[in-house]
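*Asks:* what follows is a predicted protein model with its sequence.
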Amino acid sequence: MNAKSKAGSRGEKKVYIAKSNQSIIKFDHKSCTGCANLKEPMCVKACRTDMLLPNPVKGKPPTVVYADECCACGCCVHACPRALKGAITMNWPLAMSVRWKRKDTGEHYRIRMPNPPPPNTKPPVSGYYPKIKRG
Amino acid sequence: MGKELIEWPYPIDYNKVNIVDTDVLVLGGGIAGSWAALAAIKRGVKVTIVEEMDIFSAGPAGVDHIVYALDNPCCTISPEEFIEGVGPWQYWDYINGISHYIMYREGYDMLCELEKMGAKIRDTEDEFKGAEFRDDETKLMFAYDYDTKHTLRVWGATFRPALTAELKRQRVSIHNRVKVTSFLTEGGEEGSRILGATGINVRTGEFYVFKAKATVLTTGRGGNRVWDYRGGSVATLPRSSGGGLVMAWNAGAELANMEGRAAGGGDPYPRYGTGNPLNTWYPCTMIDAKGKEIPYVDGKGNILTSFEQRVHPSLLGQRFFLERSYRNGNSPVKRPVSLCHTPKFAEAVRKGEYTLPIYADLPGMPEDERRAIFGLMIANEGMTWILYKNYAEAGFDPDKDLLQAYSGGTSSRYDGSPLVGTKKSGYRSYLGGLVHDWDFKTSLEGLYAAGESLFSVHYHGLAAISGRWAGAKAADYAKDTTEPEIFDEQVEKERERVYAPLNRTEGIDWKELNAGVSGAMRTYGGDTLTDEMLNLALVWLKELEEKEAQELIAGSPRELARCLQSMEVLKLAEMWTHAALTRKASCRFLTISKLEYPDNDPPEWHKFITIKKGQDTVEVGDRPLYYWNKQPYALTYKENYERHKPWGKK
């Protein structure tokens, strides 16, 4: 059991959750706005295992809890309006860090490697966020 | 390392009971649920949708290709020709013929409706102009079979947002973060009419009573956790608990195919994120570690000499290819397959003809194909948008790089000995679901089902198509039926059950119970099954239910929801075991291999096994395959479709 209860000041039960130290989901404190003007940050809304909690301080990044339950679906990153500015990143799980090889040089790489090659900046076909256009 | 404690940010109230009245209640806000709600509300009834997470990202967040939309204007094969071409064979015999046939008739119609909501189903920006798999007039793009054009490549990442926006626009009442826990029935009796459901909010712990004239169950079938040998949680989603099916079981519904399972269950490698020329990656070229090309072979094992042969059945003298028929020995319409996915490859490697490991040669593919596979499909498949982003940021470049494949050497999901990479990480419950008729009405009055709550395979298109149909039928039923009268005792009993883990000060957490179930299934529900071992599994599961499940503890609404899920996983394992015991035969399609009954799918067992909860027992039964085209239904797909379709001209 991760959650701990204790009596609050007015006698109602308060619940406390352990903040995760694991870094599967990382927030950039400069570019993340905690979706300041929204009822709930987009990543918190999108999370399919409910492992992100909104920050009690408006405008600050959400907190990662229950990190071991992250299913690496990436919905949080996809939902973030500032993901391409690096507000939120998902550290690809090590167990899923596949390898590849450059065809002409034979050099080996993997996700999360030390001294990685330069990023491939080509966006997907129609971009990362194809528009929804109502017909 | 010490951990900082933070306060739970949501107001908790375990005593609050919310009563929600609706005409049609849709359980599950994924693809099937969203379509069901939209179809129902169009018929002028009040619709409520309940989702354990948030409909914003519920169900798959995307899709990269839609199979068998035979009604698209470019498709050259009719549903009847398609069915005749497939013929009876094991895979097809156990699939859900009702939802498949509706897909053949309405798949494209469904996509066009989605397009009106804002989704992108065609290459409107001319990014693939002139590509062989694109029709320049309609701008539709195709996969697998460029002759008959039955499968469409789509911008599926736009589908979920379009559906979400439409649900709001149509004013469907949405309850996010509510996990449903049980069905409410007439008089609280098992087997009687469904009058709605109960649920808890996974953030506030509040209780919900949903009263409904008709209910559509669309929740996932679950099972990822059941046999996960690693005990880890990568790729474990809320849908994995199969809670909806357990609720239906507890209410006395009839289920079929529950013994079905598949190897896997949270593979440590990302789905579609390694270079396997299976579905999304078809027809990618594969090469070995020394750069030698691994050829594709046709259905008879002949080596294909050109790329064109992989996508044109006519070049092989075939009428059409299916999506993945190579997996099944007796398919009459086999699709070509890379040699690396046949048992022959292992032999060739042992002889030194190929060197491990093997790679997907995207740089060696025609440019349009490479962009279609990685730039379009990987970036639009539900699990792989993040994969595109993370791979690209890590420097992977499909124009230059060979992506390693981790399952080369397996011939299919039945073959447990890959040459490279992973062994099976477990099994997952797969293919089981509710028995239903042509209206998607289940064996219980007032309960309809769609998507993964139905028996057999249900991917994106089938979820959409069955949801749309079931939603319309449920709305029609709701208009014609009486107000539900809730049996208060049933609600009170459920509240007591649901909140029990909060009232214990000592006990075990949900992960421990999950690990226990996994342990039992790993031991007695492994690769080879015997009746004695399956009976022991039942004994073990019963013990877990009576002892450990009664010791679960939770400290927050979220942990409470997880406790309830772990009890569902336990029950799902029990349901699987009952069904597996009943089938006294092996069946490759259902991934059942029995020591005492080694014959694969003998004629006397070539049928659906059904199970339902009886008084202190399990009632087992069977249904003939293709029961949907036998009495009391009409005898052909076409006639049944025309007779039951909920709309006029489609």
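*Replies:* Yes, it's here.
*Asks:* could I get the phi/psi values of the spatially most central residue of chain A?
*Replies:* For chain A, A:I25 is the residue whose C-alpha lies nearest the centre (Cα atoms, centre = their mean; 3.9 Å). Taking degrees, to the nearest 10, you get phi -110, psi 130 for the backbone angles of A:I25.
*Asks:* please apply the same query to the one 10 residues further on.
*Replies:* Note on A:C35: its backbone torsions stand at phi 40, psi 60 [degrees, to the nearest 10].
*Asks:* same question for the one 5 residues further on.
*Replies:* Its backbone dihedrals place A:E40 at phi -150, psi 140, with angles given as degrees, to the nearest 10.
*Asks:* with the one 10 residues further on instead?
*Replies:* When quoted as degrees, to the nearest 10, the phi and psi of A:D50 stand at phi 50, psi 50.
*Asks:* measure the closest residue to it other than its chain neighbours to B:F374 for me?
*Replies:* Spatial nearest neighbour of A:D50, excluding adjacent residues (Cβ to Cβ, 6 or more residues apart in numbering or on different chains): B:R558 at 5.9 Å. Every C-beta, even on glycine, is put in place using the N, C-alpha and C of the backbone. Distance, B:R558 to B:F374, by Cβ to Cβ, to the nearest Å: 37 Å.
*Asks:* let me know the helix or strand that B:A475 is in.
*Replies:* Here B:A475 sits within helix B:460-479, counting by DSSP states H and E.
*Asks:* quick one: that helix near chain A?
*Replies:* No - Helix B:460-479 does not reach chain A (Cβ under 8 Å from any Cβ of the partner chain); its nearest approach is 15.4 Å.
*Asks:* can you name the next helix or strand after that helix?
*Replies:* helix B:488-499.
*Asks:* buried residues in that next one?
*Replies:* Residues B:Q490, B:V491, B:E494, B:R495, B:V498, B:Y499 are the ones in helix B:488-499 that count as buried (16 or more other Cβ atoms under 10 Å in any protein chain shown).
*Asks:* how far off centre is the very next helix or strand once past it?
*Replies:* The helix or strand immediately downstream of helix B:488-499 is helix B:510-524, counting by DSSP H and E. Helix B:510-524 has its C-alpha centroid displaced from the chain centroid by 23 Å (Cα atoms, centre = their mean, to the nearest Å).
*Asks:* show me the contact partners of the helix or strand following helix B:510-524.
*Replies:* Per DSSP H and E, the first helix or strand lying C-terminal to helix B:510-524 is helix B:531-546. Outside helix B:531-546, the residues that touch it by Cβ atoms under 8 Å, 6 or more residues apart in numbering or on different chains are B:513, B:516-517, B:520-521, B:523-525, B:567, B:570-571, B:573-574, B:577-578, B:580-581, B:596.
*Asks:* quick one, helices of chain A?
*Replies:* Assigned by DSSP state H, the helices in chain A fall at A:42-46, A:75-79.
*Asks:* neighbours around whichever residue of chain A sits closest to chain B, how many?
*Replies:* Nearest residue of chain A to chain B, counting by Cβ to the nearest Cβ: A:G74, 2.3 Å away. Counted by other Cβ atoms under 10 Å in any protein chain shown, the residues lying close to A:G74 total 27.
*Asks:* name the nearest residue to it, ignoring sequence neighbours.
*Replies:* Nearest residue to A:G74, sequence neighbours excluded (Cβ to Cβ, 6+ apart): B:I386, at 2.3 Å.
*Asks:* wait, B:S593 touches B:G525, no?
*Replies:* No - using Cβ atoms under 8 Å, B:S593 is not in contact with B:G525, being 11.3 Å away.
*Asks:* and B:L434, how close does it get to B:L529?
*Replies:* Using Cβ to Cβ, one gets 24 Å for the distance from B:L434 to B:L529.
*Asks:* just the pLDDT for B:Y326.
*Replies:* Model confidence at B:Y326, given as pLDDT, is 52.
*Asks:* go on, B:Y94?
*Replies:* B:Y94 carries a pLDDT value of 88.
*Asks:* that one: neighbouring residues, count only.
*Replies:* 22.
*Asks:* go on, B:I19?
*Replies:* 12.
*Asks:* pretty sure it is touching B:A212, no?
*Replies:* No - counting by Cβ under 8 Å, B:I19 does not reach B:A212; the two are 11.7 Å apart.
*Asks:* what segments of the stretch 251-400 of chain B are helices?
*Replies:* Along the stretch 251-400 of chain B, the segments classed as helices by DSSP state H, counting those that start in this stretch run B:308-311, B:343-350, B:367-370, B:379-380, B:385-393.
*Asks:* pick the most deeply packed of those helices.
*Replies:* Scoring the helices of the stretch 251-400 of chain B by mean neighbour count under mean count of other Cβ atoms under 10 Å in any protein chain shown gives helix B:379-380 as the most buried, with a mean of 27.
*Asks:* any part of it near chain A?
*Replies:* Yes - judged by Cβ under 8 Å from any Cβ, helix B:379-380 and chain A are in contact via B:A379, B:N380.
*Asks:* contacting residues for the residue of chain A closest to chain B?
*Replies:* A:G74 neighbours (Cβ under 8 Å, 6+ apart): A:M90, B:M383, B:W385, B:I386, B:L387, B:K389, B:N390.
*Asks:* go again using 10 Å as the cut-off
*Replies:* Contacts for A:G74 (Cβ atoms under 10 Å, 6 or more residues apart in numbering or on different chains) come out as A:25, A:46, A:48, A:83, A:88, A:90, A:92, B:57, B:61, B:382-390.
*Asks:* who's more crowded, B:S593 and B:G525?
*Replies:* Neighbour comparison, B:S593 and B:G525: the larger count goes to B:G525, with 23 against 17 (by other Cβ under 10 Å).
*Asks:* ok, the closest residue to B:L315 other than its chain neighbours to chain A distance?
*Replies:* Closest residue in space to B:L315, ignoring its immediate chain neighbours: B:Q309 at 4.8 Å, by Cβ to Cβ, 6+ apart. Separation of B:Q309 from chain A (Cβ to the nearest Cβ, to the nearest Å): 24 Å.
*Asks:* B:Q309 contacts B:G299, correct?
*Replies:* No - B:Q309 is not in contact with B:G299 according to Cβ atoms under 10 Å; the separation is 11.7 Å.
*Asks:* now list whatever residues contact both of the two.
*Replies:* Common contact partners of B:Q309 and B:G299 (Cβ under 10 Å, 6+ apart): B:L316, B:P336.
*Asks:* residues touching the one residue in the stretch 101-250 of chain B that gets nearest to chain A, list them.
*Replies:* Residue nearest to chain A within the stretch 101-250 of chain B: B:G118 (3.8 Å; Cβ to the nearest Cβ). Shown in contact with B:G118 (Cβ under 10 Å, 6+ apart): A:K131, A:I132, A:K133, A:R134, A:G135, B:T158, B:F159, B:P161, B:A162, B:L163, B:A165, B:E166.
*Asks:* got it, and B:L595?
*Replies:* B:L595 neighbours (Cβ under 10 Å, 6+ apart): B:T528, B:L529, B:T530, B:D531, B:E532, B:M533, B:S586.
*Asks:* out of these, what pair is the most spread apart?
*Replies:* For the contacts of B:L595, the farthest-apart pair by Cβ to Cβ is B:E532 and B:S586; their separation is 16.2 Å.
*Asks:* re the thing from before, tabulate the helices of the stretch 251-400 of chain B (JSON lines), appending mean pLDDT and distance to B:A463.
*Replies:* Listed next are the helices of the stretch 251-400 of chain B as JSON lines, based on pLDDT from 0 to 100; distance: least, Cβ to Cβ, whole Å:
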{"stretch": "helix B:308-311", "mean pLDDT": "96", "distance to B:A463": "27"}
{"stretch": "helix B:343-350", "mean pLDDT": "83", "distance to B:A463": "33"}
{"stretch": "helix B:367-370", "mean pLDDT": "96", "distance to B:A463": "28"}
{"stretch": "helix B:379-380", "mean pLDDT": "90", "distance to B:A463": "16"}
{"stretch": "helix B:385-393", "mean pLDDT": "92", "distance to B:A463": "19"}
